[in-house]
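[1] the following block contains a protein sequence and its predicted model.
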Amino acid sequence: MNHPVLQRLLRIAIIALGVAIATRIVPGIHCADAFALILVALLLSFFNVILKPVLVLFTLPFILVTMGFGLIVINAMLFLLAGRLVQGFQVAGFWAAVGGAIVVSLTNLVVTRLIRPARVPRTTPVETPFQRPPINTAPSRKREKPDDVIDI
């Protein structure tokens, strides 16, 4: 499944699953119908591709100071914005948006790990152009001075 369109559709489906789970688990998040759910998934996917990188860039000091918890705030704000823009999808407040963002993120993490193909270990070492020579662990001997050689 290397086709980019299929990968994007799978990401949207995973987000829709996460939003559906969030509407069941988190109090304060309600979705009226499947159309609103799909619209929210499309909008969140768009936000993650376009808005989130810009927001992360501008809030990088805040994210670093909070040791990554600032990303949860960004995700919650995008979730809250989706709740304001889509008719039939309501998010009661900031803390409901935080809960929904966490549920969607965890769903994305779990489902992505489950569907990712298993890595096959390599049997032969890969040669790189900048390999280091092996470290000589033998005890160093005092080198004898070679005879003087003059090349002409």
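    The structure has been received and is ready for your questions.
[2] any regions of this protein where pLDDT drops low?
    The model of the chain has pLDDT under 70 over residues 1, 118, 122, 124-129, 131-152.
[3] for it, which segments count as strands?
    For the chain, the strands defined by DSSP state E occupy 29-31, 89-91.
[4] who does the first one pair up with?
    Each strand pairing with strand 29-31, determined using DSSP bridges, is listed with its direction: strand 89-91 (antiparallel).
[5] which residue ranges of this structure form helices?
    Per DSSP state H, the chain carries helices over the ranges 4-25, 34-46, 52-58, 60-65, 69-85, 94-115.
[6] export those helices to TSV and tack on mean neighbour count and distance to residue 130?
    In short, each C-beta sits where N, CA and C put it, glycine included. What follows is the helices of the chain, written out as TSV (neighbours: other Cβ atoms under 10 Å; distance: least, Cβ to Cβ, whole Å):
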stretch	mean neighbour count	distance to residue 130
helix 4-25	16	31
helix 34-46	18	39
helix 52-58	13	31
helix 60-65	12	31
helix 69-85	18	34
helix 94-115	17	32
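[7] please report phi then psi for residue 32.
    Residue 32 adopts backbone torsions of phi -70, psi -40, taken as degrees, to the nearest 10.
[8] nope, residue 26 is what I was after
    Backbone torsions for residue 26, taken as degrees, to the nearest 10, come to phi -90, psi 120.
[9] residue contacts, the residue lying closest to it once chain neighbours are set aside?
    Nearest non-adjacent residue to residue 26, counting by Cβ to Cβ, 6 or more residues apart in numbering: residue 99, 3.9 Å away. Counting by Cβ atoms under 8 Å, 6 or more residues apart in numbering, residue 99 makes contact with 22, 25-26, 28-29.
[10] likewise residue 25?
    99, 103.
[11] go again using 7 Å as the cut-off
    residue 103 (Cβ atoms under 7 Å, 6 or more residues apart in numbering).
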